[in-house]
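K.L.:
Mind looking at a prediction? Sequence and model below.
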Amino acid sequence: MKNDIAFEPRCQVMGHEIDNVNVGIYTNEFSIEQLEKIFTPVQKKILALIPKIE
C-alpha cells in the first residue's frame, strides 16, 4: 500500500491492467463512489502542499 491506497484501486484509477493471477481472480472493480472514498484523503493532502495564490 502506498499512502494507504491498495494496489488494485491504484491500478484501476491509472488504467493499468493487473497481470497477477490472484489479484485478477479475487478482486472486483471498484465503483466510482468507492474510489472517491479511497482517494479523497490523499488528494486533500496533495492540495494542502500547493501554495495558495492570492
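P.N.:
Received the coordinates, thanks.
K.L.:
From the chain's centroid, how far away is the helix or strand hosting Leu47?
P.N.:
In this assignment (DSSP states H and E), Leu47 forms part of helix 32-49. From the chain centre to the centre of helix 32-49 is a distance of 8 Å (C-alpha atoms, centre = their mean, to the nearest Å).
K.L.:
And that helix, what's buried?
P.N.:
Of the residues in helix 32-49, Leu35, Ile38, Phe39 count as buried by neighbour count, 16 or more other C-beta atoms under 10 Å. For glycine as for every other residue, the C-beta is placed from the backbone atoms N, C-alpha and C.
K.L.:
pretty sure the last one is in contact with Asn3, am I right?
P.N.:
Just to be clear, that refers to Phe39. No: judged on C-beta atoms under 8 Å, Phe39 makes no contact with Asn3 at a distance of 9.4 Å.
K.L.:
thinking again about what came up before, make JSON lines from the buried residues of helix 32-49 and add distance to Ile53 to it.
P.N.:
Listed next are these as JSON lines, based on distance: C-beta to C-beta, whole Å:
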{"residue": "Leu35", "distance to Ile53": "29"}
{"residue": "Ile38", "distance to Ile53": "29"}
{"residue": "Phe39", "distance to Ile53": "24"}
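K.L.:
Now do the same for stretch 42-54: mean pLDDT, whole number.
P.N.:
Mean pLDDT, computed over stretch 42-54, is 87.
K.L.:
make that stretch 7-23, sorry
P.N.:
79.
K.L.:
chain center to that stretch, what's the gap?
P.N.:
For stretch 7-23, the distance to the chain centre is 10 Å (C-alpha atoms, centre = their mean).
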